[in-house]
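Novice: Give me the fold of what follows.
(chains A, B, C and D)
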There are 2 protein chains.
Amino acid sequence: MTRRNPAKSAPAKPASTRPAVRKRAAAQPATRAQTVYAAIKDDIADFRLLPGDRFTETELADRLGVSRTPVREALYQLQREGFLSVQFRSGWSVNPYDFDRFENLYDLRQLLELEAVRRLCDRKESLEALDVLEAYWLLPEAERDNDGRSVARQDEAFHLSLVEAAGNPEMARVHADVTERIRIVRRLDFTQQERIDTTYAEHAEILKAIRRRRSERATSLLAAHIEASRAEVRKITLHKLFEARRGSWG
Amino acid sequence: MTRRNPAKSAPAKPASTRPAVRKRAAAQPATRAQTVYAAIKDDIADFRLLPGDRFTETELADRLGVSRTPVREALYQLQREGFLSVQFRSGWSVNPYDFDRFENLYDLRQLLELEAVRRLCDRKESLEALDVLEAYWLLPEAERDNDGRSVARQDEAFHLSLVEAAGNPEMARVHADVTERIRIVRRLDFTQQERIDTTYAEHAEILKAIRRRRSERATSLLAAHIEASRAEVRKITLHKLFEARRGSWG
DNA sequence: GTACGCCGTCTTGTATGCAAGATACGCAAA
DNA sequence: TTTGCGTATCTTGCATACAAGACGGCGTAC
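Specialist: Below is the predicted model:
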């Protein structure tokens, strides 16, 4: 039954010829567990599930029209990611927003992004990855996107793209993970038009600095940009989260 | 059959007003799933499960004396962590060692540790966290630990402790995760006495530099230390992994 | 009115049953 | 010998059954 190990004599690299390890994303029919996982995560991100909310596996299974098995798989995943907690024989609950943790995640995010930008500026080859970013962020004011929701998505993509372009997939994976965790508070930064404008301006400057390989300038701009966002989020968080909580029960 | 009466439907919403019971049981009951998870992870770390090995859920469940349910839970977790892959209706397999990924993980590790040391040196308060590290790594040569296995464990603890002491639990969590992933190759660095001696010497120097708040020195020492380890691992990996593979088939 | 204890219901953790389909193997044909 | 095909077996994903124990509500004592 156990298949022989291929290439006993050369266990090293044959993997690179066959990317079977990589998830076959396209053809995969998306299991029920994955669907449930995404559904719950969205419920949390969109304030339909709020900190302190309690629920049971059966409840969720009934609501989503599946059995407890895929529900449990999704729940355990979210538990491991820090969104949920399970009480033995006593149901699940949504974890409270932990502002200390948001701070720490912002720190981590900043560390990763600054390193990424440093590497981009030091890189010899051309930076094609920036093209698509410039196409969005260097638009004249009239053509800009003004929908906060949409800008928030693009903002996430901007920062993640920088890290991905730096060429270390592990750093990018961690960065993506951090992004998921801070999404709830970070999105609140894009509820004011003035902040959206500022974001456009700062992203543009950062992109230009990277293009010119001005490492020092790019990193200090990016650091300031992230700090500004963090300060803004810190300021409006409690109030806005409360509003969101009320509004979501309509 | 109809033991449950869904029509009764206890008031669902009041649950959200009820404060989540954050009762932390003193000792986690350690579910079967967690046991299985640890067992498989150890099997991989100790070369009892090798890249390319294939197995089924039933096989594992029988061997470990549990049902498929906890086994599946553990397997899916290891899948998400990158250790295993599942082929739809065709069994599980251990992922190949990906040396590019090890390189990227070493990069990430270095980034985290250098930042941690920088923060430690900049910190105003005393650094009690270093006491326990010094107790192990500043020993005179005669009293040192010479068991590679044990030193490898202590080495992991050393580096993780530095990051933990820096005070950002999220960075520490990522670092711990990285540590788990590179363990397989990293341990091979401690199979030679000379490398163990070097590790003692370099850890001692790093600790002293941090004590003296010599940030520049501490970070460059640490960077060199990690680089040396990485180079060593890079050199002996293929050979040693092959040996380990053969040896484990006894 | 208040405190306390018992009991039934509910909840998770685990085991088992079932279905669709992927894989392997034997056998026949060239 | 090699190739192709049909089938039996195996495997995962999902649904369901079961067990130990946590929680809440009710009744009782005062």
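Novice: from here on, contacts and neighbour counts on C-alpha atoms
Specialist: Will do.
Novice: In contact with A:Glu134: list those residues for me.
Specialist: A:204, A:207 (C-alpha atoms under 8 Å, 6 or more residues apart in numbering or on different chains).
Novice: Sticking with it, tell me its helix or strand.
Specialist: A:Glu134 belongs to helix A:129-137 when elements are defined using DSSP states H and E.
Novice: Just give me how far that helix sits from the chain centre.
Specialist: 19 Å (C-alpha atoms, centre = their mean, to the nearest Å).
Novice: contacts for the helix or strand following that helix?
Specialist: Per DSSP H and E, helix A:129-137 leads on to helix A:148-165 as the next helix or strand towards the C-terminus. With C-alpha under 8 Å, 6+ apart as the test, helix A:148-165 has contacts from A:112-113, A:116-117, A:120, A:129-130, A:133, A:145, A:171-172, A:175-176, A:179, A:187, A:190-193, A:196.
Novice: quick one: helix A:148-165 to chain centroid distance?
Specialist: 9 Å.
Novice: Could you identify the buried members of the contacts of helix A:148-165?
Specialist: If you count burial by 16 or more other C-alpha atoms under 10 Å in any protein chain shown, the buried members of those come out as A:112-113, A:116-117, A:120, A:130, A:133, A:145, A:171-172, A:175-176, A:179, A:187, A:190-191, A:196.
Novice: how much space between whichever residue of chain A sits closest to chain B and A:Phe83?
Specialist: Taking C-alpha to the nearest C-alpha as the measure, the point where chain A comes nearest chain B is A:Asp53, at 4.4 Å. Applying C-alpha to C-alpha, to the nearest Å, the value for A:Asp53 to A:Phe83 is 12 Å.
Novice: list the residues that contact both of those two?
Specialist: With C-alpha under 8 Å, 6+ apart, A:Asp53 and A:Phe83 have common neighbours A:Val94.
Novice: buried sites along the helix or strand hosting A:Leu238?
Specialist: A:Leu238 belongs to helix A:215-247 when assigned by DSSP H and E. Neighbour counts over helix A:215-247 (16+ other C-alpha under 10 Å) mark A:215, A:217-219, A:221-223, A:225-226, A:228-230, A:232-234, A:237, A:240-241, A:244-245 as buried.
Novice: wait, what's in contact with the residue positioned nearest the centre of chain A?
Specialist: Compute the mean C-alpha point of chain A, and by C-alpha atoms, centre = their mean the closest residue is A:Thr179, 2.8 Å away. Residues near A:Thr179 by C-alpha under 8 Å, 6+ apart: A:109, A:156.
Novice: Name the helix or strand for it, please.
Specialist: Assigned by DSSP H and E, A:Thr179 belongs to helix A:169-186.
Novice: Using PDB, write out the CA atom coordinates for the next helix or strand after that helix.
Specialist: Next helix or strand after helix A:169-186 toward the C-terminus (DSSP H and E): helix A:193-211. What follows is helix A:193-211, C-alpha atoms only, in PDB (Å, rounded to 0.1, in the frame of the first residue of the first chain):
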ATOM      1  CA  GLN A 193     -12.900  60.700   2.900                       C
ATOM      2  CA  GLU A 194      -9.900  62.600   4.200                       C
ATOM      3  CA  ARG A 195      -8.200  59.400   5.200                       C
ATOM      4  CA  ILE A 196      -8.800  57.900   1.800                       C
ATOM      5  CA  ASP A 197      -7.200  60.900   0.200                       C
ATOM      6  CA  THR A 198      -4.200  60.700   2.500                       C
ATOM      7  CA  THR A 199      -3.800  57.100   1.700                       C
ATOM      8  CA  TYR A 200      -3.800  57.700  -2.000                       C
ATOM      9  CA  ALA A 201      -1.200  60.500  -1.600                       C
ATOM     10  CA  GLU A 202       1.100  58.400   0.700                       C
ATOM     11  CA  HIS A 203       0.900  55.300  -1.400                       C
ATOM     12  CA  ALA A 204       1.900  57.300  -4.400                       C
ATOM     13  CA  GLU A 205       4.900  58.700  -2.700                       C
ATOM     14  CA  ILE A 206       6.000  55.300  -1.500                       C
ATOM     15  CA  LEU A 207       5.700  53.800  -4.900                       C
ATOM     16  CA  LYS A 208       7.700  56.600  -6.400                       C
ATOM     17  CA  ALA A 209      10.400  56.300  -3.800                       C
ATOM     18  CA  ILE A 210      10.700  52.600  -4.500                       C
ATOM     19  CA  ARG A 211      10.900  53.100  -8.200                       C
END
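Novice: Remind me what helix A:193-211 packs against, helices and strands.
Specialist: helix A:99-122, helix A:129-137, helix A:148-165, helix A:215-247 (3 or more C-alpha pairs under 8 Å, 6 or more residues apart in numbering or on different chains; DSSP states H and E).
Novice: Take these and lay them out in a markdown table including distance to B:Gln34 and mean pLDDT.
Specialist: Formatted as a markdown table, the helices and strands packed on helix A:193-211 follow (distance: least, C-alpha to C-alpha, whole Å; pLDDT from 0 to 100):
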| stretch | distance to B:Gln34 | mean pLDDT |
| --- | --- | --- |
| helix A:99-122 | 25 | 96 |
| helix A:129-137 | 41 | 94 |
| helix A:148-165 | 33 | 95 |
| helix A:215-247 | 35 | 84 |
